[in-house]
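Novice: predicted model and sequence below, questions to follow.
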Amino acid sequence: MNNYHFIAIGGAVMHNLALALVQKGYHVTGSDDEIYEPSRTRLEKAGILPEKLGWYPEKIHSNLDGIILGMHARIDNPELIRAQELGIPVFSFPEFIYNQSQDKKRVVIAGSHGKTSITSMILHVLKDQGVDFDYLVGAQIDGFELMVRLSDAPVIVIEGDEYLTSPIDRTPKFFHYHHDIALVSGIAWDHFNVFPDFEDYKVQFSKLMDMTPENGKLIYCEVDSLVKSAAEKSTTLGQKIPYQAHPAKIQDGKTYLITSQGKVEIGIFGDHNLQNLQGALYTCEALGIHKEQFYQSIQTFKGAAKRQEILAKGKTGILFRDFAHAPSKLKATVHAVKNQFPERRLIAVQELHTYSSLNKSFLPNYAHSMDQADVAVIYLNPHAVALKKLELMDEATLREGFKRKDLILFTESAALKEFLLSQDYSNSNLLLMSSGNYDNLDLEPLKAKFQSHEA
């Protein structure tokens, strides 16, 4: 029987991988010093929740087939040290995914933005078309119980991020998958704390492109000048396939693809999503899906969680939630919502939550990213700033950074909530953007405001 121990089992992908191995019939144990919901309940239901929090070297024994090491663990983790002493193989999760998929066709979706949306579209179409496939995606997707599946399927679709692999491997995760097909959606400086030098950040994507094998495919977004330049300079002997936004038109707040079969209504919108869709189409074609099949299936795609997600809808207003936090994502999302509903007032709220976004020297990258919002609001929590040992920026600094003189700043969740509830949402959209949750802001009263304007 396969026997694996997870160090830092509580992470989003880590606990999903653990659950996927339980489904495969493997024996799984794990440890962590913090486990939050929904990981806790899901691990408990599967019977693999650690009895107590913390690290216990006695859990590491010579009968283990391997250790799966999460990024949350430190290099001096006592369980890791014990495993190294015993000579037990230690895998990061990307290394383990490759270990389990060497005989499959491996598709890696990469890019500073759009990769979760593109991966979600591909998975939705493949599932709708009855294709047998494995996957690894960085978000919970509608219609998929887990974020990971490992089986005997001949194909695996992987959302490959450029973040560091593990405490003992400081290279990007996406190098470890050894792709047959790679898609690169965009390059925009992110992970400022890990890649303080933009040139070094760009190099990682060039290396990924160069890894495309001779019989493989490199699908890339030529609208992004950095991606286009890197792809054109790439030394890969594989086939290079550039893409742009899929032709479409907006009518009465709805987006229709323009195809050779006529108009096809879809549930997503915005230039970035139309680029993502075209990339997903080319990837699906590389996996044997015909265009007609793709168009048939994409009509029922509702979007990835927290990606232009509709939380509430009224007669003349929508409450959107989006994961956008990097400058390019922020700008694209604000533009998409305003462009889709040009007649409606747009209130855009951005929580500065990541290390990069809270860093004063990174702030100029946000210039003009909220220009298209009628009301632009920034929320930041002084506690989060203190935890990251950064300087708390004031309203004047933020207004200069965003190049927006009427920017409104809130540093208390209660004050933000009061402001948002005081707004009139007739003929208005509210866009909440963050990789956090505004310090557990209760969204139910806001949803109710929109729903009270229902037709």
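Specialist: Nice, I can see it.
Novice: so which residues of the stretch 101-250 of the chain form helices?
Specialist: Applying DSSP state H, counting those that start in this stretch to the stretch 101-250 of the chain gives helices spanning 115-128, 198-210, 225-233.
Novice: in terms of mean pLDDT, which of these ranks lowest?
Specialist: Per-stretch mean pLDDT for the helices of the stretch 101-250 of the chain is lowest at helix 198-210 (a mean of 90).
Novice: now it, how far from the chain's geometric center?
Specialist: 19 Å (Cα atoms, centre = their mean, to the nearest Å).
Novice: which of the helices of the stretch 101-250 of the chain is buried the deepest?
Specialist: helix 115-128 (a mean of 25; mean count of other Cβ atoms under 10 Å). Quick note: C-beta positions are derived from backbone N, CA and C, even for glycine.
Novice: packing partners of that helix?
Specialist: On a contact count with 3 or more Cβ pairs under 8 Å, 6 or more residues apart in numbering; DSSP states H and E, helix 115-128 meets strand 105-110, strand 155-159, helix 271-286, helix 291-298.
Novice: rewinding a little: of the helices of the stretch 101-250 of the chain, which is nearest P167?
Specialist: Of all the helices of the stretch 101-250 of the chain, helix 198-210 sits nearest to P167, with 18.5 Å by Cβ to Cβ.
Novice: output the contacting helices and strands for that closest one.
Specialist: strand 105-110, strand 181-184, helix 225-233.
Novice: dump the ones you listed to CSV, plus distance to F323.
Specialist: Output for the helices and strands packed on helix 198-210, formatted as CSV (distance: least, Cβ to Cβ, whole Å):
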stretch, distance to F323
strand 105-110, 16
strand 181-184, 19
helix 225-233, 20
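Novice: which one of these lies closest to V125?
Specialist: Here strand 105-110 is closest among the helices and strands packed on helix 198-210 (Cβ to Cβ), at 12.5 Å.
Novice: what residues sit buried inside that closest one?
Specialist: K105, R106, V107, V108, I109, A110 (16 or more other Cβ atoms under 10 Å).
Novice: save those residues as a markdown table, and put in pLDDT and distance to E222 too.
Specialist: Formatted as a markdown table, the buried residues of strand 105-110 follow (pLDDT from 0 to 100; distance: Cβ to Cβ, whole Å):
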| residue | pLDDT | distance to E222 |
| --- | --- | --- |
| K105 | 98 | 24 |
| R106 | 98 | 23 |
| V107 | 98 | 19 |
| V108 | 98 | 19 |
| I109 | 98 | 17 |
| A110 | 96 | 15 |
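Novice: show me the strands in the stretch 51-200 of the chain, by range?
Specialist: 66-69, 90-92, 105-110, 134-136, 148-149, 155-159, 164-166, 169-172, 181-184 (DSSP state E, counting those that start in this stretch).
Novice: tell me which of these is the most buried.
Specialist: Highest mean neighbour count of those: strand 181-184, a mean of 28 (counted as mean count of other Cβ under 10 Å).
Novice: tell me the helices and strands packed up against it.
Specialist: Strand 181-184 packs on strand 105-110, helix 198-210, strand 217-221, helix 225-233, helix 271-286, going by 3+ Cβ pairs under 8 Å, 6+ apart.
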